[in-house]
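[1] turn this into a model:
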Amino acid sequence: MATATQQSEKNHTNGKQSNLDAPTREELRLAYTVALESRILEEHIVRLASRGEIKFGIWGPGEEIHGTAFSLAISRVIKDPKNYGLVPHYRSGALVAMWTRIHGYTNFGLDVFRQQLSKVTDKMSRGRQMVNHLDMPSFGVLPVQSPVGMQLGKAAGYAFGFKHKGINNGMTVGIIGDGTSAEGDLHDTMNAMSVWSLPTMVMVTDNRVAISTTPDSGRGIKDFKSYAAGFDVKYFSCDGRDFFDVYETTLAAAKYISEEQKPAFLYVHDLPRFNGHSSAADMTFDLSQEDPMVTMGAKFVEMGVLDKNESLRRIKGEGRDFFSHHDLGVIGEIINGETRAMMEQVRLEPEPEPSSVMDHIYAPFPDVVEPTASENQTCISYAGAIRAAMAHTISNNGGVLVGQDVGNLGGVMTATAGLKAMFPDKVVDAPLNEPLIVGTAMGLGLHKDLRALPEIQFGDYSLNAFHWLVLLGNTYWCSAGQTTVRLTLRMPSDPFGGGAVYHSMSEDGYFTPIPGLVILMPSTSWDIYGLLLTAAEYDGPVVVLEPKWMYRQNLGPAIEGEPTDPDEIKALKKAIMRKEVPKLSQDHRVPFSKGVIRRSGDDVTIVAWGRAVWTALDAAKELEKQGISAEVIDLRTLVPPDLDLVYESVGRTGRLVVAAEDRSFAGFVRTIQGHAVEKFQGLPSRAIGQKNVPGIAQNLKLENWTVLKIADVVEAANDVMNTEIAGDTQTQWIPPRFFVS
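    Residues are numbered from 1 along each chain as shown. Here you go, the predicted structure:
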């Protein structure tokens, strides 16, 4: 317990008023009942795990009093769940149960047990997530993920969404354990809350152990109050075993956040943990610690809230589990009977069908029709087309653009130039922190009426946000289609112009293996504009890799509405060079997963994307001089790729070259090649890219030697034209065509 001095200091810091919004007797009985329901359900799960009847369990006995008091206090401030964003952790069962019960929902325990047994009736994930990975958007409960700490970025981003929607009385809460304070996610979120003044509460629940690691060896922050002060974030603390201390402190913190629309840090200390971290640890119930459930019951009996025979109390018993050492009381016995009946009901419910695992990988793609391309060349630069698409998305699709130097500078590649002047509140310069940018963007993208538009200044630096990309890719699938993240992440990619290591990376090979992401690499102004407008209407995450070489190029056909008069074309080009935002047709769309034939041919298919498309087209001209007719396909969408187009072409030509700026070793080129070789046994093929060295050197001669060149494509095409296939008994030439027209 806190000393008298500590308690006095805490009360002064928190500014609590003990009689303010005091809970009613009915509310206290409800809190006790919900807390006991949570304890009994989780201890039944512990018992099942100890018997080997479930594969894995994870739980939070010991946090019931804190959880119910917390949610009761929040309900005093936040009346509408639409103005609340809660990202709990796996020990937050009682907290969420109380919040949903306050709003009239009585089946939380049923939901939890269905998730525990991986039933198809699990509304939160249809058997795809482990227990207490909660996702209840109608109550403002945002999806929980296994990596601890990431709930904080989502909470901050969701609060950022409230600000952009003009909700001035909302708040969000991200909950972590004390061990998770060692994660960089806390530092990222504290930066975001401080810089953007977000109505977010970071809550650290301290039970003095992280799985098995104690604070002396697992927690570098020794003073959370000083840590919060360093970010100018208001600090609150309470004893997690004391219902009224938690209630009053939470109430004060919630009022501060809601009224001031500023962040707060809530440190909940001295929480017990009665069973090990999970079923992978010691599951014996720890009787050496004071149990807040017992203390609360006794206090409520003293207050007249409960009768003596209704409360939980400890007894002397034998065995290792909770039930052996406790008299549940009248209320507990009723709950126990209901819980057993519920468990039996769920046991009989069906499991998901194996084929359902393929459902909900992607949200439905927008049904768009690409206009017929003009024969005129565009006068819109690649960067200008991006600006126009971003302006459209901000104006019409709730877009919020966030990134390093995207506002005042207009982006180091000028791709966001002019947008800050048009949308001063929707174009936001972010701290120099890629996980912060992507993590908060994910939280913002959970709003159904917003679209997050994060930008990473160089794609190379996106790798420290790889964790977020994986989570973005699996969220829709993990929620069985319930939760979508509306987000378009853009970043410059590829080697060009002496950028050297960490400014010249191709990310294709890193990101394409992440399931659930749509990954684009457009090679023309036509495509980048149309694909970004399609992305704006898509209820899922999109990653756009933008070749740096293209930003100032005018490539591809003219977009509808472009001028044809030479003087007007010249004037528009100058305006774009002056970093103005061009106005283009708002009806222009390019569909996902549809490649395009850039050049028709009969002898060999060359599949490419990004800048490699233009290298391939130049190579095709050289091959034509040799009498070789090369067909060049631009994938445009890397994932999911237009394999049908590739197959149709390869079926006619009988030979394949896949070319990209990324390394061919373990690169995405191998994926396309592999699909084609599986489809057409014996297909002569080559997959080429930059040389397999650790990075791109700054010296331009070394860069040029390393990257994909026209000569590489010509050589590969000649190789496949001259390739023989070794059969079982003889060597034979490959047939010139797989399909004969």
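
[2] nearest residue to the residue most central in space within the chain in space, please, no chain neighbours.
    Closest residue to the average C-alpha location of the chain: Leu472 at 3.2 Å, with CA atoms, centre = their mean. With sequence-adjacent residues excluded and distances taken as CB to CB, 6 or more residues apart in numbering, Leu472 is closest to Pro541, at 4.2 Å. C-beta here means a position set from N, CA and C on the backbone, and glycine is covered the same way.

[3] over to Pro364?
    Asp539 (7.4 Å).

[4] quick check: the one you found is in a helix.
    No: applying DSSP: H, G, I helix; E, B strand; the rest coil, one finds Asp539 to be coil, outside a helix.

[5] from here on, count from 50
    Done: numbering now begins at 50, and the last item shifts to Asp588.

[6] that one reaches Thr533, doesn't it?
    Yes: with contact defined as CB atoms under 8 Å, Asp588 counts as touching Thr533 (4.2 Å).

[7] what residues are shared contacts of these two?
    Common contacts of Asp588 and Thr533 (CB atoms under 8 Å, 6 or more residues apart in numbering): Ala412.

[8] quick one, which of those two is more surrounded?
    Shown here are Asp588 and Thr533; by other CB atoms under 10 Å, Thr533 has more neighbours (20 against 17).

[9] sec struct for that one, please.
    Under three-state DSSP, Thr533 falls in the coil class.

[10] how about Pro110?
    Counting by three-state DSSP, the backbone at Pro110 sits in coil.

[11] residues contacting it?
    Pro110 sits in contact with Arg88, Glu91, Glu92, Val95, Arg322, Phe323, Asn324, Phe334, Phe371, where contact means CB under 8 Å, 6+ apart.

[12] measure the closest residue to the fifth one other than its chain neighbours to Arg78 for me?
    The reference is to Arg322. Nearest residue to Arg322, sequence neighbours excluded (CB to CB, 6+ apart): Asn256, at 4.3 Å. In this view, Asn256 and Arg78 are 26 Å apart by CB to CB, to the nearest Å.

[13] before we move on, the earlier item: quick one: the residue nearest to Arg322 is in a helix?
    No: using three-state DSSP, the assignment for Asn256 is coil, not a helix.

[14] thought His115 was touching it, still the case?
    No: Asn256 is beyond contact range of His115, at 10.1 Å (criterion: CB under 8 Å).

[15] which residue ranges form the strands in the stretch 100-249 of the chain?
    For the stretch 100-249 of the chain, applying DSSP state E, counting those that start in this stretch gives strands covering 133-136, 220-226, 249-254.

[16] contacting residues around the last one?
    The one in question is strand 249-254. 112, 115, 119, 138, 140, 201, 204-205, 208, 220-227, 229-230, 235, 238-239, 242, 273, 282, 289, 302-303, 306, 312-317, 320.

[17] the same query, at a cut-off of 6 Å, please.
    204-205, 208, 221-227, 230, 242, 306, 312-317, 320 (CB atoms under 6 Å, 6 or more residues apart in numbering).
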